[in-house]
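K.L.:
All I have is the shape, not the residue letters:
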């Protein structure tokens, strides 16, 4: 079984932006349940079908398979309905790791999140100066939640709205 171990963070500033170019992602959900999600994603000329299990801390089962882009587009257009998220993903190498920064588009703009994937749960890593508060385990920041509850619909209080990410 494949296990995904990742931690999520808000962005503190724009210092990450000049480091790389992003790729547009379009992902849709076929199933969104508390104990599993099934999604299809296109990024550039690649498409993936992903099945994720229930989160257990920072870990969860994950199975991912490459599929033809034409099939992915057909699934996105016919089976995902309104459960589609679009974002630009940036991959930023830092201190031996690759941080993935997602700049959400549409109803989830201006949300920007950073993720780091780890080999084991208590693995140490250096945090770049552009990383803000950790939101690992906060279900509001899961893509499966954002697709049903877009960021723009959230009630934001002073300091909660990360406009200058």
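P.N.:
That came in fine, so what should we check first? A quick note: this is a predicted structure, and the numbers were derived from the prediction, not measured.

K.L.:
Count the neighbours of the closest residue to residue 15 other than its chain neighbours for me.
P.N.:
In this structure, residue 15 finds its nearest non-sequential neighbour in residue 130, 4.1 Å apart by C-beta to C-beta, 6 or more residues apart in numbering. For the C-beta atoms, the positions are set from N, CA and C on the backbone; glycine is no exception. Burial of residue 130 is recorded as 21 neighbouring residues (other C-beta atoms under 10 Å).

K.L.:
How much space separates residue 130 from residue 101?
P.N.:
Distance of residue 130 to residue 101, given as C-beta to C-beta, to the nearest Å: 9 Å.

K.L.:
same check, this time on residue 7
P.N.:
Counting by C-beta to C-beta, the gap between residue 7 and residue 101 amounts to 13 Å.

K.L.:
now residue 122
P.N.:
From residue 122 over to residue 101 the distance is 23 Å, taken as C-beta to C-beta.

K.L.:
higher neighbour count, those two?
P.N.:
A direct count of neighbours by other C-beta under 10 Å for residue 122 and residue 101 places residue 101 higher, at 24 against 7.

K.L.:
so that one makes contact with residue 113?
P.N.:
Yes. Taking C-beta atoms under 8 Å as the definition, residue 101 is a contact partner of residue 113 at 7.3 Å.

K.L.:
Now for residue 99: which residues touch it?
P.N.:
Residue 99 makes contact with 16, 91-93, 114-116, 128, 131 under the criterion C-beta atoms under 8 Å, 6 or more residues apart in numbering.

K.L.:
which phi and psi does it have?
P.N.:
Backbone dihedrals for residue 99, given as degrees, to the nearest 10, come out at phi -90, psi 140.

K.L.:
how distant is the biggest helix by length in the chain from the center of its chain?
P.N.:
Ranked by residue count, the top helix of the chain under DSSP state H comes out as helix 69-78. Distance of helix 69-78 from its chain centroid, counting by C-alpha atoms, centre = their mean, to the nearest Å, is 20 Å.

K.L.:
next SSE after it?
P.N.:
In the C-terminal direction, the helix or strand that comes right after helix 69-78 (DSSP states H and E) is strand 84-94.

K.L.:
That next one - which strands sit beside it in the sheet, and in what orientation?
P.N.:
Sheet pairing here is set by DSSP bridges, and for strand 84-94 it gives strand 23-33 (antiparallel), strand 97-104 (antiparallel).
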